[in-house]
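Visitor: fold the following.
(chains A and B)
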Amino acid sequence: MQPDLIRELEVLLGPNAVLSSPEDLMLYEYDGSVEMGSPRCVVFPTSTRDVAGIMRLANRFETPIVGRGAGTGLSGGAIARNGGIVVAFSRMNRILEIDAANLRAVVQPGVVNLDLSRAVEHLGLYFAPDPSSQKSCTIGGNVSENSGGPHTLAYGVTVNHVTGLEMVLPDGEIARIGSKSIETPGYDLCGLFVGSEGTLALVTEITVRLMRKPEAVKTLLAVYDTLDDTTESVVDITARGITPAACEMLDGFTLRAVEDYVHAGFPKDCAAVLLIEIEGLAEAVEAQAAEITEVCQLHRAREVRVARNDQERGLLWRGRKEAFGAMGRISPMYYVQDGVIPRTRLPETLRRIEEISRKYNLQIGNIFHAGDGNLHPLILFDERDRDEFARVVAAGGEIMRHCIEVGGALTGEHGIGMEKNELMPLIFTPDDLALMERVRAAFNPAGRLNPGKVLPMGKACGEIRVPPVPATSAIPT
Amino acid sequence: MSRPWRATFPRLEFIAGAGHVATDDAELAAHEVCGMRPAAVVRPAYAGEVADVVRFAVSQKLAVIPMAGATKVSIGLPPSRYDIAINLSRMNRVLSYDPHDLTLGVEPGVRIEDLTRALAEKKQFLPLVVPFSDRATIGGIAAANASSPLRHSYGGVCDFCLGMEFVTGEGVQAKSGGRVVKNVTGYDLHKLLTGSLGTLGIITRLNFRTFPMPQAQGTFVASFPSPEPAFEFCSAIAHSVLSPQMVEVADPGACRLIFSAKSSMRILPMHWSVILSAAGQPAVVERYARELGHMATAANAAEFLQMNDGEQFSAFRRIREFPRLLLGAAPDAAIFRIGVLPAGMPSLLDALSEIAKRFKVELTSLTRASGIIYAAFFAQSGNGVPSNATMTAVREAFHVCALPKTCARAMLEWCPAEMKRMGVDPWGPWRDDFALMRRVKNAFDPQNVLAPGRFAGGI
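Guide: Numbers count the residues shown, from 1 in each chain, chains lettered A, B, ... in the order given. Here you go, the predicted structure:
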């Protein structure tokens, strides 16, 4: 039966749009997580009609089907957990329309995030969601995962920037929801489909909002001698109602690894830094920079440095965005989490992570979106050491439980995928999950589209299953 | 009191407590929806009681409609069935407020006015400046996705609502989202509930992010002899580095309502007016004053004025209450809410104006420059009953909005119940995505207990 499927896919798409040899498929076994799963084949549609045809074939052959952008996701969303067809959108990578007058663009799902911003740069516009993987991740993937990034603190995540979608439903039907207009009467279907992690439909066209580039940008680096002073600064900035465009924290351990790698000029002898960006009108930026500097100094910042030019600014951000890559130089593996906490609980949470690090004798780095309470603790380990791996699993579980205890969430931007789907019962009741299951079944009744993701697979779960992430391939946001 | 299920009223009293179930005429009349009266009004105090009422309704095959301030119950189609009004005004508690985290959790029956006052004590606010604000509740505002002029810079409910708890059509308590400002855990079902008019679930808790009050605010008005330069002015702002809090374009009719003699404005702009506000540090507001003035002059504005505190207060209040003022002046008005692309606003307004002329009805519009037009048709000498001319104009307007080149999405937010009974669908022509909405409805409310028939496509 399966060879027939491949043959039919080749008839539908042409022979050079279907991969099925084991050596080709190996490249599609993983994404940015270390989850793995082998697809039966990978196909490269070039049109919505192709996608609908693939979906109909998947139905006829009762085969799972999984969408894939650039494979940079961090929760296994693009992995063919149960085999089947991987639909790779890399050939649907055209920007279909740039409507500067209305601040909209219409793109195919395979368009790379940063390519859209580059394409509208000459108009003074950009696409706001900025995951760290933005040089390679696709907008289709951003839509599936509802991706964030440092600047979502001020501008929101992907869902806040999508007004319309064209998609292929699991029954092969082509549907359009939303529109180019700011609002469409009826249920907010875009709000449901964005972030549904490829479990409700395959998105084939996306209408996004574009934003005007700010007049002024200022990037500050506040340097601290204690973690507590750093986190208290974030709490105070938030409490005073100052909303920077981005407010990122890097602890000293991470910083040293980053500095050795990027040479951005980060001080290597401090406990932590805050990387804060302010955008807007020149007057607003000046005033906010002064306020933020005052708060940081009040909390005993050793130094508050302002990037003097775009080059310095770029270097600081390179340090932030390539920090995870830098970890690859000092540890064979790491596991990164994505829990979210109320901002007021930041100091105690960082202290808790330190305790957990000591308790399990593990090195944990912290580099994260402090401004919106989105943690990314990085637990370093060597996969060959089974005892250490067991401690990583236990420590990860404790950190996640702490996030939930203080009123937080499992994931701020990486998605649930197949990494955390069994943890969903920690947040949601069986009734909550049953309703989500029903919503999924309303569009994906056979469960053929991206099976084994988002929702728990069945058995009741309190147990933490923590998969490790290879340091070399992870590109977190 | 003829139908057999009335005998089961004691069950409702058992759920909500004696004194919280009403069947007298005055109460039933107060809970009318599009001319239909329920047989009972129940006032639960907790989510568990709401769930019990819904389960009771399911068991008796009854239909329920949730409401509190009842300021927006005229939106949507008349219900196909309506037995119990679930009045949520007793659920008016602030459940959690962490001003330092800028997050808030509230019950649905909290009046927006009370909430605004509570937040103001901590120098914070929710950007929900909505009509009937003395009665409107936060649950109703979310369920109707009420439009606020501040949407221009803060987005709509869906952009700052972090999560919800609700009761489904099967009487099951469920939730989605959470309390933190960034969260992608699970399906965002609360986004579906926003604007669902109570047809998917009865909201029992809403979590929001709050916003710090700006240090300073300035409100400005620029007056133009015709719509073209007014929209050119808006477009120039949209493509500048300025990002005002609010940009509203009032046509001459809307100007008369907003700047009535009672508003004590130093000038009374009577032509096309662009009303803007800017917020931030004092230096920022000063810059807006300077640059907006220059831009208004460049766009040939007849007048440009920065309002004083009294004028600003009055203008905000009257823009907020625009639908109410309009309905006060023309009770038979049919008020469209139209999502439209900014560049398409002048031509759409032009087309609506042509329709008004052709069918000899009045047209008044207030346009949110980010892309929402409020446009009202009403008879020149209205007597509260929709005229044939108004109905024809409404149908024609729906037709024009649905044209592919217009790229507009229209619904009738307010219109006389009579108009709906005479066959005007306030949701406009059926769209393809209604079939998908039906699937969503079936997942939340398979027995069709919640506000049946009220939503788009008769859902």
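Visitor: can you list the low-confidence ranges for chain B?
Guide: Applying pLDDT under 70 to chain B flags the ranges B:1-7, B:261-269, B:382-384.
Visitor: switch to 80 and redo it
Guide: B:1-8, B:260-270, B:380-386 (pLDDT under 80).
Visitor: by contact count, what packs against the biggest helix by length in chain A?
Guide: In chain A, with assignment by DSSP state H, the single longest helix is helix A:386-405. On a contact count with 3 or more C-beta pairs under 8 Å, 6 or more residues apart in numbering or on different chains; DSSP states H and E, helix A:386-405 meets helix A:346-359, strand A:377-381. Where C-beta positions appear, they are placed from N, C-alpha and C, glycine not excepted.
Visitor: could you dump the shortest one to CSV, C-alpha only?
Guide: Below are the C-alpha coordinates for strand A:377-381, written out as CSV (Å, rounded to 0.1, in the frame of the first residue of the first chain):
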residue,chain,number,x,y,z
PRO,A,377,16.6,27.8,32.1
LEU,A,378,19.3,25.8,30.3
ILE,A,379,20.3,22.6,32.1
LEU,A,380,23.6,21.4,30.9
PHE,A,381,24.5,17.7,30.8
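Visitor: about what we covered before: now do the buried residues in the following helix or strand past the longest helix of chain A.
Guide: Next helix or strand after helix A:386-405 toward the C-terminus (DSSP states H and E): helix A:430-443. Neighbour counts over helix A:430-443 (16 or more other C-beta atoms under 10 Å in any protein chain shown) mark A:432-437, A:439-440, A:442-443 as buried.
Visitor: out of those, which are close to chain B?
Guide: By C-beta under 8 Å from any C-beta of the partner chain, the members of the buried residues of helix A:430-443 lying near chain B are A:432, A:434-436, A:439-440, A:442-443.
Visitor: hang on, the earlier thing: tabulate the buried residues of helix A:430-443 (a markdown table), appending pLDDT.
Guide: Below are the buried residues of helix A:430-443 laid out as a markdown table (pLDDT from 0 to 100):
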| residue | pLDDT |
| --- | --- |
| A:Asp432 | 98 |
| A:Leu433 | 98 |
| A:Ala434 | 97 |
| A:Leu435 | 98 |
| A:Met436 | 98 |
| A:Glu437 | 97 |
| A:Val439 | 98 |
| A:Arg440 | 97 |
| A:Ala442 | 97 |
| A:Phe443 | 97 |
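Visitor: which among those gets closest to B:Cys158?
Guide: Distances from B:Cys158 to these, taken as C-beta to C-beta, are shortest for A:Val439 (16.7 Å).
Visitor: in which helix or strand would I find the closest residue in space to that closest one that isn't next to it in sequence?
Guide: Using C-beta to C-beta, 6 or more residues apart in numbering or on different chains and skipping the chain neighbours, the partner closest in space to A:Val439 is B:Ala443 (4.8 Å). According to DSSP H and E, B:Ala443 maps onto helix B:434-444.
Visitor: and the angle for that helix with helix A:430-443?
Guide: Interaxial angle of helix B:434-444 relative to helix A:430-443 (axes from the mean of the first three to the mean of the last three C-alpha atoms, to 10 degrees): 150 degrees.
Visitor: in terms of secondary structure, what does helix B:434-444 contact?
Guide: helix A:189-193, helix A:430-443.
Visitor: so which elements touch the shortest one?
Guide: Here helix A:189-193 touches strand A:162-168, strand A:174-178, helix B:189-193, helix B:434-444, going by 3+ C-beta pairs under 8 Å, 6+ apart.
Visitor: now do the last one
Guide: Judged by 3+ C-beta pairs under 8 Å, 6+ apart, helix A:430-443 is in contact with strand B:173-177, helix B:189-193, helix B:434-444.
Visitor: coming back round to it: quick one: contacts for the residue nearest to A:Val439?
Guide: B:Ala443 makes contact with A:435, A:438-439, A:441-442 under the criterion C-beta atoms under 8 Å, 6 or more residues apart in numbering or on different chains.
Visitor: for A:Ser181, same thing?
Guide: A:163, B:339-341, B:371, B:407-409.
Visitor: same deal with A:Met436?
Guide: A:428, A:454-455, B:176, B:186-187, B:189.
Visitor: adding neighbour count and distance to B:Pro227, write those residues out as TSV.
Guide: Listed next are the contacts of A:Met436 as TSV, based on neighbours: other C-beta atoms under 10 Å in any protein chain shown; distance: C-beta to C-beta, whole Å:
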residue	neighbour count	distance to B:Pro227
A:Phe428	22	50
A:Val454	27	48
A:Leu455	22	51
B:Ser176	26	42
B:Gly186	28	45
B:Tyr187	28	42
B:Leu189	26	41
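Visitor: run a quick neighbour tally on A:Val106.
Guide: Using other C-beta atoms under 10 Å in any protein chain shown, A:Val106 has 19 other residues around it.
Visitor: helix/strand/coil for it?
Guide: The three-state assignment at A:Val106 reads strand, by DSSP: H, G, I helix; E, B strand; the rest coil.
Visitor: can you pull up the bridge partners for it?
Guide: A:Glu97, A:Thr207 (DSSP bridges).
Visitor: isn't it up against A:Leu96?
Guide: Yes. Between A:Val106 and A:Leu96 there is a contact at 4.4 Å, judged by C-beta atoms under 8 Å.
Visitor: what is in contact with those two at once?
Guide: Between them, A:Val106 and A:Leu96 share the contacting residues A:Glu205, judged by C-beta under 8 Å, 6+ apart.
Visitor: I'd like the helices and strands packed on helix A:189-193 as JSON lines, with distance to B:Ala330 appended.
Guide: Output for these, formatted as JSON lines (distance: least, C-beta to C-beta, whole Å):
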{"stretch": "strand A:162-168", "distance to B:Ala330": "32"}
{"stretch": "strand A:174-178", "distance to B:Ala330": "32"}
{"stretch": "helix B:189-193", "distance to B:Ala330": "32"}
{"stretch": "helix B:434-444", "distance to B:Ala330": "31"}
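Visitor: quick one: closest of these to A:Lys135.
Guide: Proximity to A:Lys135 (C-beta to C-beta) singles out strand A:162-168 among those, at 20.7 Å.
Visitor: does anything pack onto the closest one? Which helices or strands?
Guide: helix A:48-60, strand A:174-178, helix A:189-193, strand A:202-209.
Visitor: quick one: the first one near chain B?
Guide: No. Legend: contact between helix A:48-60 and chain B by C-beta under 8 Å from any C-beta is lacking; minimum distance shown is 14.5 Å.
Visitor: just the CA trace of that helix, in CSV.
Guide: In CSV, the C-alpha atoms belonging to helix A:48-60 read as follows (Å, rounded to 0.1, in the frame of the first residue of the first chain):
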residue,chain,number,x,y,z
THR,A,48,-2.5,25.3,-2.2
ARG,A,49,-3.9,22.9,-4.7
ASP,A,50,-0.9,20.6,-4.2
VAL,A,51,-1.5,20.7,-0.5
ALA,A,52,-5.2,19.8,-0.9
GLY,A,53,-4.2,16.9,-3.2
ILE,A,54,-1.7,15.6,-0.7
MET,A,55,-4.3,15.9,2.1
ARG,A,56,-6.8,13.9,0.1
LEU,A,57,-4.2,11.2,-0.6
ALA,A,58,-3.3,11.0,3.1
ASN,A,59,-6.9,10.4,3.8
ARG,A,60,-7.2,7.7,1.2
